[in-house]
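Colleague: A predicted structure for the sequence below; I have some questions about it.
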Amino acid sequence: MYHDGDRDLQDRFDTRRIADRIDERLVSDTISEHDRRFIETRDMFFLASSDDNGLPRCSYKGGDPGFVRVIDQRTVAFPNFDGNGMYLSVGNVLVNPAVGMLFIDFERGNRMRLNGVATIDPDDPLMAEYPEAQFIVRVSAREVFPNCPRYIHRYKLVERSRFVPKKGQATPVLSWKCADWSADALAQSDPTRDPTREVL
């Protein structure tokens, strides 16, 4: 699990023994039932990726609780919804499929990591389960482990995003997509072009 940079700092701060113990006891390449419950009750996670030159990017991904699904002991899946059209993180998957997922429960102070290999499929069978999804990202787990909760700040949920697509309901569009600088550059299929959508 560890490379020379990790080992250098572990040796400098005398943490190699505990790092090895964590690797031996807590790190797995499978998703346990406990992990599944934790993942499937989250309404957000952070996605780390890097391009073909190794330059990193990190994105926030949000949805309703359960939008990330555990497919089996080694696979999770989540939808990609309409965004700003840059595809910064999921675009990286096409050139470098290694990703990291960080799930955090800010109310109870828990977090876990899932590192693996991602694929993208616009014809994935799960497409029917996610209204307005552009494609499904599946991640094959390489490492799954809890992460120290010590520095997690506690937050309470105030409101879930109104922009998360829901079955049988038109998703509102963001006002920035209607601005002079952006409107003429949108994709022909962009939801903003639908005049029946509410603009927020």
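Modeller: That came in fine, so what should we check first?
Colleague: And the helices in the chain, which stretches?
Modeller: 4-12, 16-25, 33-40, 88-93 (DSSP state H).
Colleague: So for the last one, mean pLDDT?
Modeller: The one in question is helix 88-93. The average pLDDT for helix 88-93 rounds to 96.
Colleague: distance between that helix and the chain's centre?
Modeller: On the basis of C-alpha atoms, centre = their mean, to the nearest Å, helix 88-93 is displaced by 11 Å from the centre of the chain it belongs to.
Colleague: was I right about residue 94 contacting residue 119?
Modeller: No. Taking contacts as C-beta atoms under 8 Å, residue 94 lies outside contact range of residue 119: 9.5 Å. Using the backbone N, CA and C atoms, a C-beta is placed for each residue, glycine as well.
Colleague: more neighbours, those two?
Modeller: Taking other C-beta atoms under 10 Å, residue 94 and residue 119 do not tie; residue 119 has more neighbours (16 against 13).
Colleague: Give me the pLDDT for the residue nearest to that one when sequence neighbours are not counted.
Modeller: Nearest residue to residue 119 in three dimensions, chain neighbours excluded: residue 138, at 5.3 Å (C-beta to C-beta, 6 or more residues apart in numbering). As predicted, residue 138 sits at a pLDDT of 98.
Colleague: How about residue 45?
Modeller: The model's pLDDT for residue 45 equals 98.
Colleague: what do you get for residue 192?
Modeller: 86.
Colleague: quick one: contacts for it?
Modeller: 173, 174, 177, 178, 183, 186, 199 (C-beta atoms under 8 Å, 6 or more residues apart in numbering).
Colleague: List the residues that contact residue 38.
Modeller: So residue 38 contacts 103, 105, 110, 112 (C-beta under 8 Å, 6+ apart).
Colleague: The second one: neighbour count?
Modeller: Around residue 105 sit 17 other residues, with neighbours defined as other C-beta under 10 Å.
Colleague: same question, the last one
Modeller: Here the neighbour count serves as a burial measure; for residue 112 (other C-beta under 10 Å) it reads 22.
Colleague: Kindly report the same for the one 3 residues further on.
Modeller: Residue 115 has 19 neighbours, counted by other C-beta under 10 Å.
Colleague: before we move on, what about residue 126?
Modeller: 16.
Colleague: where's it relative to residue 95, distance?
Modeller: 23 Å (C-beta to C-beta, to the nearest Å).
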